[in-house]
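S.K.: Could you work out the structure for the sequence below:
(chains A, B, C and D)
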Number of protein chains: 4
Amino acid sequence: MTNILFTAFSNRTDALALADEAGQRLAELGIASSTQLLDQGVTAPLDSQSLVISLGGDGTFLRSARLAHAHDARVLPVNLGRMGFLLEVPSDQIVTSVRAALNHSRVVERLALAISIEGESHTDFALNEVVIERPRVGNMVRVRTFVGDDELLTYSADGVLVATPTGSTAYNFSAGGPVVDTDLSVFIITPVAPHFTIDRSIVVDAAKTVRLVALRPAAVVADGTEIGALEPGQVMLVSRSPSPVKVVYSGAFELGPRLRQNLREGHA
Amino acid sequence: MTNILFTAFSNRTDALALADEAGQRLAELGIASSTQLLDQGVTAPLDSQSLVISLGGDGTFLRSARLAHAHDARVLPVNLGRMGFLLEVPSDQIVTSVRAALNHSRVVERLALAISIEGESHTDFALNEVVIERPRVGNMVRVRTFVGDDELLTYSADGVLVATPTGSTAYNFSAGGPVVDTDLSVFIITPVAPHFTIDRSIVVDAAKTVRLVALRPAAVVADGTEIGALEPGQVMLVSRSPSPVKVVYSGAFELGPRLRQNLREGHA
Amino acid sequence: MTNILFTAFSNRTDALALADEAGQRLAELGIASSTQLLDQGVTAPLDSQSLVISLGGDGTFLRSARLAHAHDARVLPVNLGRMGFLLEVPSDQIVTSVRAALNHSRVVERLALAISIEGESHTDFALNEVVIERPRVGNMVRVRTFVGDDELLTYSADGVLVATPTGSTAYNFSAGGPVVDTDLSVFIITPVAPHFTIDRSIVVDAAKTVRLVALRPAAVVADGTEIGALEPGQVMLVSRSPSPVKVVYSGAFELGPRLRQNLREGHA
Amino acid sequence: MTNILFTAFSNRTDALALADEAGQRLAELGIASSTQLLDQGVTAPLDSQSLVISLGGDGTFLRSARLAHAHDARVLPVNLGRMGFLLEVPSDQIVTSVRAALNHSRVVERLALAISIEGESHTDFALNEVVIERPRVGNMVRVRTFVGDDELLTYSADGVLVATPTGSTAYNFSAGGPVVDTDLSVFIITPVAPHFTIDRSIVVDAAKTVRLVALRPAAVVADGTEIGALEPGQVMLVSRSPSPVKVVYSGAFELGPRLRQNLREGHA
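M.R.: This is a model prediction of the structure:
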């Protein structure tokens, strides 16, 4: 049976109130649910039958997607944020969307990154992007980049990121990278504020492994969260996660209207 | 039996001398060949067994590839130009490369564009890119863009181009677009000098059709050659050509070294 | 006595109706005026006491400013266009603005370009920018640039432009150049879609002369109008026009709100 | 009498050896000098007659210039770095340059920034740029910008910088800003990786005050060194330092060759 879990950050009282209200309405329909605060230790049991309902903005969704991905569960993104490329469900349609998800709703698979840092045993995850960036203000990283066996460019920059198509409209976009159709299985390599080097992105097949070598100390940041550090010479590998993020799809994802809306609001 | 055709522009005396010399050496090996001037009416018979050997720079290769593509022939790019992303064979390795091509050599398939202008019966071709651009100096085009049924952005710009991965390092790159791995089956939509609009590229699946609607009179340019014009409201469709360009592969195509070389020479 | 001249393009019937109406209201106040169609031979006498009232969009204003500048007359920009960085006066405030201009109104001086092409005896003018650009579609220009005696970069590009601060939000902006405060006496050198060269603008003191050498045939375009051509090796000099354009100032020119408005409308 | 001070970082043994050797040769000429390690407390007395000789790369020069500026002393930049837009004197010409500086040598004045953070009593200094940036990885700043009384744009970004013309080829350049002639008295406002906002620089008269309001917690970094922090709502003012940096000039500063050299080395 499907295990339903609302996720939110503890300081979002609007999200918590919404979880309460939707939980009651689901209970009236005989559907049990619980709530998990993302900034406290996760205790709820999850499996591939679970449905994680993200209540918040893009940051909440990224954390919820990570949680769901770890258990092969589905995630349903409810938009309580201002802008949101990722978010499909208005808050007044939660119950309808949950019921649709429990029955027949389509799931779209989003490519995610498997990140492994040389010398560490575990593999990390990102839905948007992983960045090798300067560990503190006023510095630069220096990073050699490889795709498969082909050496590409070496960047001196604030950072070098590898983004998924889902992440193409996030940090990659701010750094000057292209918008990429989420149907495509590609990685986007984009430098952030590169010093006297090409500032253009390189788009490569996600079947290949991207290898990044830090030539100076650097921080590693996945979906906005610091996950590690690199010493000079240390290698980070980025490949396609064997399992994608499974997002409950509830209506047309139209790139054009979203782009236009975000561009207009960006200048507000 | 393989029909071997050297192609060059008539003002490239170095290319013609090279064709003569290589032709004699091939004759000594019992291999017949002929030469075709690209700027004069093409008369040589070609079929899918033919091998077109392009002698010149990128412009020569684009014309030779168009010729080869029309007959499903293979093309072998010999580099007599200064810079060349497309060109693999140094001029002193022609005979070796031809012999390899006649025997066992690997062919790589490069995605090409099928271009159709509303109201015209034929379909046009491009290996690098097709551009909707202002018909004369001092103007702008205005172009609505669609991918499948999804409307993307409307640009006021000098031009709007749709590039292949092969063309990503050509005009697309000058206009700010990303470098794209030639293994990928994608289109890159890039505006040229857009006026108060997003100047970012959009990368989409080449299985989809890109539809461009000119809102002002515009010229249509494929691989640097004007192929038509659009009246306000007229539509141009861009899709993947059913047959790719078949390029004889003679050594590793390494994106990194080529990028670095072109970037260094660009500033010379 | 002040000579008042409305200027408009003949196909803008709204502008002509407005000129009629405003002319009648001025006549009732004892102020004579006439109308000049910009796309027909200019016949009206003008001198430094004249006031040219531009009725249209940016294109109309550029032509009117050129006309006024040639006679050291003032120009009052009335905005009938959609977007307009240059235009200050709403159409319903024409009579008020004319009366203010006749009495006490402040004039702001806008830096203009003096353009001279080697081998030609006259000097040309631009308020926004002058561009060396490819004479036809599908080509590139190649241009060496100098500022005073200092050789800067050589560009292969669609074009290379020299803009004034007034023109910084026009074609310069589309080509990626910076916004520059109109109080500054500087030139902005910006390449348009440069091929494997730096795509950054260079801002220099307008007290210096910018020298551009065409290495391939090129067209010269000033404020959107073709004014000449360059043969390989031919030189074009750009310096500050000895006399600025005198714009009647009617209210605060606020860069910020105009930028935000144009950016929002750009994505509409 | 002129007080001569060599400055270097303590880990640059090449610089320290050079200071020794040049000091001995100057002593033979009857000229006294001493050496100051920049990363240890500065103890040497300095006044407007002093000559600071910077031995290192751009970072050393920025620190030496700050030291010299505080005492209205001159600074002579000796280039021991790889790339250096700021550095004029090759290491084998130190003694010649010092003697020239002691006699007749020309001094160029470089515009510097006076930075004051609301609520702090002192004014800070920068020769290249000041940046309001995210205090830790994975965050963004949000900054409102004003020039005089005119509100410009509000940026969500990795950072927002105000650069001098000297700094235009440093971090400003990496972030996409224009190159600006060091003769000009202007500031360049450039966002770093702005999110869905204009990524273009704005160039304004340095006679005006730039006011930046942090809407989220931020770090303040001047010439690569963290100098403070901003709380939400806190204001930072940037104006032209009343006294410029006085750089001993020893040969032509040619922007073009330096740009070309740096661009080539950038891709090496």
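S.K.: tally of neighbours for residue A:32?
M.R.: As a burial measure, residue A:32 scores 11 neighbours (other Cβ atoms under 10 Å in any protein chain shown). The C-beta positions use only the backbone N, C-alpha and C, and glycine is treated the same way.
S.K.: From what I see, it and residue A:2 are in contact.
M.R.: No: using Cβ atoms under 8 Å, residue A:32 makes no contact with residue A:2, being 9.3 Å away.
S.K.: I'd like to know the phi and psi angles of the residue in the stretch 101-250 of chain A positioned nearest to chain C, please.
M.R.: Nearest to chain C in the stretch 101-250 of chain A, going by Cβ to the nearest Cβ, is residue A:199, at a distance of 8.4 Å. In this entry, residue A:199 is assigned phi and psi values of phi -110, psi 30 (degrees, to the nearest 10).
S.K.: Is it correct that it is in contact with residue A:192?
M.R.: No: using Cβ under 8 Å, residue A:199 is not in contact with residue A:192; the gap is 9.2 Å.
S.K.: In terms of neighbours, single out the busier of the two.
M.R.: Between residue A:199 and residue A:192, residue A:192 has the larger neighbour count (other Cβ under 10 Å), namely 27 against 22.
S.K.: Up against chain B, what does chain A have?
M.R.: Counting by Cβ under 8 Å from any Cβ of the partner chain, the residues of chain A lying close to chain B are A:146-147, A:150-153, A:168, A:173, A:176-181, A:183-184, A:186, A:188, A:197-198, A:200-205, A:254-257, A:259-260, A:263.
S.K.: Now the buried members of these.
M.R.: With neighbours counted by 16 or more other Cβ atoms under 10 Å in any protein chain shown, the residues of chain A next to chain B contain buried members at A:146-147, A:150-153, A:168, A:173, A:176-181, A:184, A:186, A:188, A:197-198, A:200-205, A:255-256, A:259-260, A:263.
S.K.: Might you specify the subset of those located within helices?
M.R.: Among these, the members found in helices (DSSP state H) are A:173, A:255, A:256, A:259, A:260, A:263.
S.K.: Can you tell me which of the residues you listed is nearest residue A:139?
M.R.: residue A:173 (23.7 Å; Cβ to Cβ).
S.K.: thinking again about what came up before, can you narrow the buried ones among the residues of chain A next to chain B to ones near chain D?
M.R.: Checking these against chain D by Cβ under 8 Å from any Cβ, the ones in range are A:153, A:173, A:176, A:197, A:198, A:263.
S.K.: just these now: which is nearest residue A:244?
M.R.: Nearest to residue A:244 among these: residue A:173, at 21.3 Å, using Cβ to Cβ.
S.K.: Would you check that that closest one makes contact with residue B:201?
M.R.: No: between residue A:173 and residue B:201 there is no contact under Cβ under 8 Å: 10.9 Å.
S.K.: Can you pull the residues that touch both of the two?
M.R.: The overlap between the contact sets of residue A:173 and residue B:201 (Cβ atoms under 8 Å, 6 or more residues apart in numbering or on different chains) consists of residue A:179.
S.K.: And the closest residue to chain D within the stretch 101-250 of chain A, how far from residue D:173?
M.R.: For the stretch 101-250 of chain A and chain D, the shortest gap (Cβ to the nearest Cβ) falls at residue A:196, measuring 3.0 Å. According to Cβ to Cβ, to the nearest Å, residue A:196 and residue D:173 sit 7 Å apart.
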